[in-house]
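**Q** Okay, structure incoming, though there's no sequence with it:
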């Protein structure tokens, strides 16, 4: 059984009640990855969304050979959500920098929460969409800054 | 209400869900020149345009930066984020909209009604598409930006690593 109390207070769970958390934990599978192992590969489909319980993850999005977008995922954050929602390939690769523990929620389990529960799936989905909306805003602000530089306005 | 199932985010809703959804919202008519939402005001649910035409106005200079017509939605992110409306949206001709108030959606969500899941899944389709498009748009600009004198500095401030 996954102990989500380890990440109590994380934004990913703050919208869920204690009862929701217990039911979510029961629907998820614990997985461990060794340092250097790939959890998600850019351009490939991922069949699960993951919640980071412990360890460090490196996010890398490559444009050609010489340019990469780097990022980190913090304990208590979800990743791989986009692929679960739309079924398309991952937009970035994610590797373990240390030994990593995650809780995985497969697409079929997510669908079950969405349609067979008492609204837990919908509450989880709203939290995911809120986070995606925030990330989209960040991406758009970056794109606007690049457009301004290209137009000589910066 | 058949028009609701023609909107991109509600395509695929069953006739029963569509009828339940229609009952959860209210229909409203607006005269030309009437604002549907104002930039900066708190979001309260979202709107589907049933008939007519709206302009999205720039918060900076007030010029029209987008047009919204029948079957399109306004403000659906208001159901998932607590952020205020980002632009003025004004009717440019006599128009009819359907409004799902925030409290109506919250009631569906709290009761565990599968319709709340259907609405959020519809929104997610649109959001995922926009997210992927923005990622691709940004990635397409990056190699060009890296050649500008200030480009590498900007890219690094956005998290890009350039060798």
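**A** Yep, it's here. Because the structure is predicted, anything quoted here is derived from the model rather than measured.
**Q** For chain A, which segments count as strands?
**A** A:29-33, A:38-40, A:48-54, A:57-63, A:67-73, A:78-79, A:93-96, A:100-106 (DSSP state E).
**Q** what's the third one in contact with?
**A** It refers to strand A:48-54. A:2, A:4, A:6-7, A:12, A:28, A:30-31, A:39-40, A:73-81, A:83-84, A:100-107, A:110, A:128 (C-beta atoms under 8 Å, 6 or more residues apart in numbering or on different chains). Bear in mind the C-beta positions are built from the backbone N, C-alpha and C, glycine included.
**Q** picking up where we left off before, closest to residue B:133 out of the strands of chain A?
**A** For the strands of chain A, distance to residue B:133 was read as C-beta to C-beta. The smallest value, 14.8 Å, belongs to strand A:57-63.
**Q** and that closest one, what's its mean pLDDT?
**A** For strand A:57-63, mean pLDDT is 89.
**Q** so how far is it off the chain centroid?
**A** A distance of 13 Å separates the centroid of the chain from that of strand A:57-63, by C-alpha atoms, centre = their mean, to the nearest Å.
**Q** buried ones in that strand?
**A** A:57, A:59, A:61, A:63 (16 or more other C-beta atoms under 10 Å in any protein chain shown).
**Q** Low-confidence ranges, chain A, go.
**A** A:153-154 (pLDDT under 70).
**Q** Output the below-cut-off pLDDT ranges for chain B.
**A** B:1.
**Q** circling back to that earlier point, now cross-check the contacts of strand A:48-54 against chain B and list the overlap.
**A** residue A:128 (C-beta under 8 Å from any C-beta of the partner chain).
**Q** neighbours around whichever residue of chain B sits closest to chain A, how many?
**A** Taking C-beta to the nearest C-beta, chain A has its nearest neighbour within chain B at residue B:112, 3.5 Å off. When neighbours are defined as other C-beta atoms under 10 Å in any protein chain shown, residue B:112 has 15 of them.
**Q** secondary structure class for it?
**A** State at residue B:112, reduced to three classes by DSSP: H, G, I helix; E, B strand; the rest coil: coil.
**Q** Phi, psi for it please.
**A** Dihedral pair for residue B:112: phi 80, psi 20, per degrees, to the nearest 10.
**Q** Settle this for me: it is touching residue A:119, isn't it.
**A** Yes - with contacts defined as C-beta atoms under 8 Å, residue B:112 counts as touching residue A:119 at a distance of 3.5 Å.
**Q** Helices of chain A, residue ranges please.
**A** A:11-14, A:18-27, A:81-86, A:107-116, A:120-150 (DSSP state H).
**Q** Which ones among the buried residues of strand A:57-63 also lie next to chain B?
**A** Within those, those near chain B by C-beta under 8 Å from any C-beta are A:61, A:63.
**Q** ok, residue A:20 to chain B distance?
**A** 11 Å (C-beta to the nearest C-beta, to the nearest Å).
**Q** Could you give the number of residues near that residue?
**A** 20.
**Q** Quick check: chain neighbours aside, which residue is closest to residue A:45?
**A** residue A:89 (5.4 Å; C-beta to C-beta, 6 or more residues apart in numbering or on different chains).
**Q** Equivalent analysis for residue B:72, please.
**A** residue B:49 (5.4 Å).
**Q** That neighbour is in what secondary structure piece?
**A** Using DSSP states H and E, residue B:49 maps to strand B:46-51.
**Q** I'd like to know which elements that strand is packed against.
**A** helix B:2-6, strand B:73-74, strand B:95-100 (3 or more C-beta pairs under 8 Å, 6 or more residues apart in numbering or on different chains; DSSP states H and E).
**Q** Check which element follows the shortest one along the chain.
**A** Sequence order places strand B:88-91 as the next helix or strand after strand B:73-74, per DSSP H and E.
**Q** neighbouring strands for that next one, and are they parallel or not?
**A** strand B:35-37 (antiparallel), strand B:54-57 (antiparallel) (DSSP bridges).
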